[in-house]
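# Sharing a model prediction with you, sequence too.
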Amino acid sequence: MQLKALDLFAGCGGLSLGLEDAGIDVILANEVDAWAADTYAHNHPDTHLLRGDVRNIVRGDLRALRGEIDLVAGGPPCQGFSVAGRRQFGEVPFQNTLVEAYLNVVEEVRPLMVLMENVAGFRTAQLRPGVRALPFTFERLKNLGYEPALLTLQATNYGVPSLRSRIFVVAMLGSWTDDPTPVPTFGVGAANKPRSCLEAISDLPALEAGQGAEGLQPYTSLPFSAYQSSMRAGSTGVTNHVAMSHTTRIVRRFQTIPPGSSSYRSTEGVTVYKSNNQRLIGDIPSLCITANFQSNYIHPVQNRNLTAREAARLMTFPDRYLFKGKRTLMSKKLLDKEGRSDEANLSQYNQIGNSVPPLLARALGEKLIAIATAGQKRPVLVAR
């Protein structure tokens, strides 16, 4: 049987793409952000997309999906759980309530399996004062008849050429018949060594600061690796490949920064960038692609920051995948100040950095399919 899935907080569609590549039919998805939803809709035309807040989905409509959905997947926004965000100041952002919204959908749909992705901070975060996120999630799933498990996965172990450690709460209605952890295929003890940064992006058209185009650009070389060949499948070139505009002074600074460093030398001494402009090392995986990566990293050999397409390659999005919306966006505070709050959507850089790498999602999907089809029968649903 082919499993059918619902993807909540779908973003630009990385999780959906990986599940689809594994053989799961994602028939329904939900996303509230306008630009991320545009990206999703363009790349997943056969999936019915519900635009808007997941908390506004009518419960009766969801219950009608009982017996039709085998997997509820998704990643409630992680800003409230990341130790790099407002949590470090003791605040509990509204996003934390979306975990409960996710679990409400699970209660209504009652799928065979559940897959929830989040950052490592989810282990110790609070949904609200006195209510810890992970124990709450496990208890709620158990009360619904599921057996939950916690997986901590490093993306590089599954062919992703960039570091990304994430946790996944997976749950089976009834009980697990096998360990849901996908077997690593790259790294220590695996058949393949981790993919490197340049193994992923060295074939993309070379750009200087300010060069490139959002539209299709033809390839300027043959692929140099099997990974690059796989990323080119179904495409005659690349889109979303635009270099940030840097001043001549900044480019000169970048020229002095060696791989693995974020410092530059000048007549005034040595200056170190504290949290951005680190030059990536070409022969190892990239550092983690975050939602604000546009100024985090310098290309391994070119003197500029990464393009959206290069980051997409590092996150395992194929070249045929087109990202919608603006490439970058000024801060929400500035937009509010200028009366442009309606423009506060997720930029291409945000969308890519927020996503689940499709290859990691594929590994999870293949493992869930194997468990679901290995004599696993769907339990009889009991109204609660």
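Done, it's in. Keep in mind that what you see is a predicted model, and the values were worked out from it rather than measured. Numbering: from 1, shown residues only.
# Give me the helices and strands touching the longest helix seen in the chain, please.
Selection of the longest helix in the chain by residue count, based on DSSP state H, yields helix 358-373. If you count contacts as 3 or more CB pairs under 8 Å, 6 or more residues apart in numbering; DSSP states H and E, helix 358-373 packs onto helix 14-22, strand 113-118, strand 165-173. For glycine as for every other residue, the C-beta is placed from the backbone atoms N, C-alpha and C.
# for that helix, which positions count as buried?
Using 16 or more other CB atoms under 10 Å as the test for burial, helix 358-373 gives 358-369, 371-372.
# Return the closest of those with respect to Ala200.
Nearest to Ala200, judged by CB to CB, of the buried residues of helix 358-373 is Leu359 at 11.1 Å.
# residues contacting that closest one?
Gly18, Ala155, Tyr158, Gly159, Val160, Thr316 (CB atoms under 8 Å, 6 or more residues apart in numbering).
# Asn192: how many residues sit nearby?
Asn192 is flanked by 11 other residues according to other CB atoms under 10 Å.
# Not counting its neighbours along the chain, what's nearest it?
Using CB to CB, 6 or more residues apart in numbering and skipping the chain neighbours, the partner closest in space to Asn192 is Phe186 (4.6 Å).
# Can you give me the neighbour number for the one you found?
Using other CB under 10 Å, Phe186 has 20 neighbouring residues.
# Isn't it up against Asn157?
Yes - judged on CB atoms under 8 Å, Phe186 makes contact with Asn157 at a distance of 5.5 Å.
# any residues in contact with both of those two?
By CB under 8 Å, 6+ apart, the residues touching both Phe186 and Asn157 are Pro194.
# Over the longest helix of the chain, what's the mean pLDDT, rounded is fine.
Across helix 358-373, pLDDT averages out at 97.
# Report the inter-axis angle for it versus helix 14-22.
Here helix 358-373 runs at an angle of 60 degrees relative to helix 14-22 (axes from the mean of the first three to the mean of the last three CA atoms, to 10 degrees).
# Which parts of the stretch 101-250 of the chain are helices?
133-143, 197-201, 226-232, 248-255 (DSSP state H, counting those that start in this stretch).
# contacting residues for Tyr158?
Neighbour list for Tyr158: Pro182, Pro184, Thr185, Phe186, Pro357, Leu359, Leu360, Arg362, Ala363 [criterion: CB under 8 Å, 6+ apart].
# Equivalent analysis for Met116, please.
Shown in contact with Met116 (CB under 8 Å, 6+ apart): Ala73, Gly74, Gly75, Pro76, Val99, Tyr102, Thr137, Phe168, Val169, Val170.
# got the residue ranges for the strands in the stretch 251-384 of the chain?
263-266, 269-272, 278-279, 297-298 (DSSP state E, counting those that start in this stretch).
# before we move on, what about the stretch 51-200 of the chain?
Under DSSP E, counting those that start in this stretch, the stretch 51-200 of the chain gives strands at 71-74, 113-118, 126-128, 131-132, 146-154, 165-173.
# re earlier: next, format the helices of the stretch 101-250 of the chain as CSV and append mean pLDDT and mean neighbour count.
Shown next, in CSV, are these (pLDDT from 0 to 100; neighbours: other CB atoms under 10 Å):
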stretch, mean pLDDT, mean neighbour count
helix 133-143, 96, 17
helix 197-201, 98, 24
helix 226-232, 98, 17
helix 248-255, 94, 14
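# Figure out which of these is closest to Val242.
Closest to Val242 of the helices of the stretch 101-250 of the chain is helix 197-201 (CB to CB; 14.5 Å).
# Return the list of helices and strands in contact with the closest one.
Where contact means 3+ CB pairs under 8 Å, 6+ apart, helix 197-201 is packed against helix 226-232, helix 308-314.
# re earlier: so which of the helices of the stretch 101-250 of the chain is nearest Gln211?
helix 248-255 (12.0 Å).
# And the closest one, what does it pack against?
If contacts are counted by 3+ CB pairs under 8 Å, 6+ apart, helix 248-255 sits against strand 263-266.
# ok, the strand it packs on: who's next to it in the sheet?
Partners of strand 263-266 in the sheet, by DSSP bridges, are strand 269-272 (antiparallel).
# Quick one: low-confidence residue ranges for the stretch 151-300 of the chain.
Scanning the stretch 151-300 of the chain for pLDDT under 70 picks out the ranges 266-268.
# hang on, the earlier thing: next, format the buried residues of helix 358-373 as TSV and append distance to Pro111.
TSV is the format used below for the buried residues of helix 358-373 (distance: CB to CB, whole Å):
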residue	distance to Pro111
Pro358	21
Leu359	23
Leu360	21
Ala361	17
Arg362	19
Ala363	20
Leu364	15
Gly365	14
Glu366	18
Lys367	16
Leu368	11
Ile369	14
Ile371	14
Ala372	10
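# Can you give me the neighbour number for the residue nearest to Leu3 when sequence neighbours are not counted?
Spatial nearest neighbour of Leu3, excluding adjacent residues (CB to CB, 6+ apart): Asp70 at 4.2 Å. A total of 22 residues lie near Asp70 under the criterion other CB under 10 Å.
# wait, Ala233 sits on Tyr227?
No - counting by CB under 8 Å, Ala233 does not reach Tyr227; the two are 11.1 Å apart.
# Return the residues in contact with Leu98.
By CB under 8 Å, 6+ apart, the contact list for Leu98 reads Phe9, Val54, Arg55, Pro76, Pro77.
# Need the per-residue pLDDT for Arg66.
pLDDT, Arg66: 91.
# re earlier: of all the helices of the stretch 101-250 of the chain, which one is nearest Gly14?
helix 226-232 (14.0 Å).
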